[in-house]
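Colleague: Got a predicted structure here, sequence first:
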Amino acid sequence: MKTEEVRYRETQHFHGLFYLFFAIPLVLFVFTFCSIELRLIALPPGTEPIPYAWLLLAILIPTYVTIFFMVNKMVIEVNDRSLVIQFGMTSLMRKEIPLSQVVSAEVVAYSPLWNFGGWGIRLGTFNGESTGCYTMRGKEGVLLTLSEKTKVFVLKVSRILIGSGRAAELAEAVSPPLGTCAAHNEKGEV
């Protein structure tokens, strides 16, 4: 089987403050849990402790850590056939867009918070049109216009914005060659 040549690859991680905001609730939860447990040990004989506290801790911490590893990075890769966007260390949140569907790729400035309500995989409005967004950090990205609508969460959109630290390189890697367009046939007719 022939392996695809990677033309572009970028890995992004959340800003360092994200990790701090992620760790603080976990530390506070464990601290609170331990202080409750210490009080329960000192309860007078015959008093009932909270029976499921350890079970709750055993469920919440692995869940919290699993979610963290599912969203801690975004990998953008362009090969000869497609653009692949993957969130986290697993391929559960993975989007593949055939390059044959890319009509145009434009470098744009945007605000993840203002235009899409935050970071991650989002739906929002950009320049008055419904747009899907894959963003991890920064304020620059590539706006793709597609020949066919693609699903982002539950809605189908024909425009996708991909946040990138190297937006010009990404736009060049996914842009259709000059003189070609997915909406045109071989004779150049629409």
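Modeller: Received, thanks. Numbers count the residues shown, from 1 in each chain.
Colleague: And the helices in the protein?
Modeller: Counting by DSSP state H, the chain has helices at residues 16-41, 53-71, 112-116, 167-174.
Colleague: Any idea how far stretch 133-147 is from the middle of the chain?
Modeller: Centroid separation between stretch 133-147 and its chain, computed with C-alpha atoms, centre = their mean, to the nearest Å, is 11 Å.
Colleague: Give me the buried stretch members for it, please.
Modeller: Using 16 or more other C-beta atoms under 10 Å as the test for burial, stretch 133-147 gives C133, Y134, T135, M136, G138, G141, V142, L143, L144, T145, L146. C-beta coordinates here come from the backbone N, C-alpha and C atoms, glycine included.
Colleague: which of those residues lies closest to A173?
Modeller: V142 (9.2 Å; C-beta to C-beta).
Colleague: That closest one and R166 touch, don't they?
Modeller: No. Counting by C-beta atoms under 8 Å, V142 sits too far from R166 to count as a contact (9.7 Å).
Colleague: For N79, which residues are in contact?
Modeller: Listed by C-beta atoms under 8 Å, 6 or more residues apart in numbering, the contact set of N79 reads E4, E5, V6, R7.
Colleague: and with 10 Å instead?
Modeller: T3, E4, E5, V6, R7, Y8, R9, E96, L99, A173 (C-beta atoms under 10 Å, 6 or more residues apart in numbering).
Colleague: ok, so of those residues, who is nearest F68?
Modeller: Checking the contacts of N79 against F68 with C-beta to C-beta, the nearest one is R9 at 23.1 Å.
Colleague: contacting residues around the closest residue to the closest one other than its chain neighbours?
Modeller: Spatial nearest neighbour of R9, chain neighbours left out: E77 (4.9 Å); criterion: C-beta to C-beta, 6 or more residues apart in numbering. Contact analysis of E77 by C-beta under 10 Å, 6+ apart lists 4, 6-11, 83-86, 96, 173.
Colleague: same thing with Q12?
Modeller: Q12 makes contacts with 73-76, 87, 134-138, 163-166, as judged by C-beta under 10 Å, 6+ apart.
Colleague: Check A171 too.
Modeller: So A171 contacts Y8, S104, A105, E106, V107, V108, G141, V142, L143, L144, I162, S164 (C-beta under 10 Å, 6+ apart).
Colleague: Now pLDDT too, for these, in JSON lines please.
Modeller: Below are the contacts of A171 laid out as JSON lines (pLDDT from 0 to 100):
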{"residue": "Y8", "pLDDT": "91"}
{"residue": "S104", "pLDDT": "93"}
{"residue": "A105", "pLDDT": "95"}
{"residue": "E106", "pLDDT": "95"}
{"residue": "V107", "pLDDT": "96"}
{"residue": "V108", "pLDDT": "96"}
{"residue": "G141", "pLDDT": "95"}
{"residue": "V142", "pLDDT": "96"}
{"residue": "L143", "pLDDT": "96"}
{"residue": "L144", "pLDDT": "95"}
{"residue": "I162", "pLDDT": "94"}
{"residue": "S164", "pLDDT": "94"}
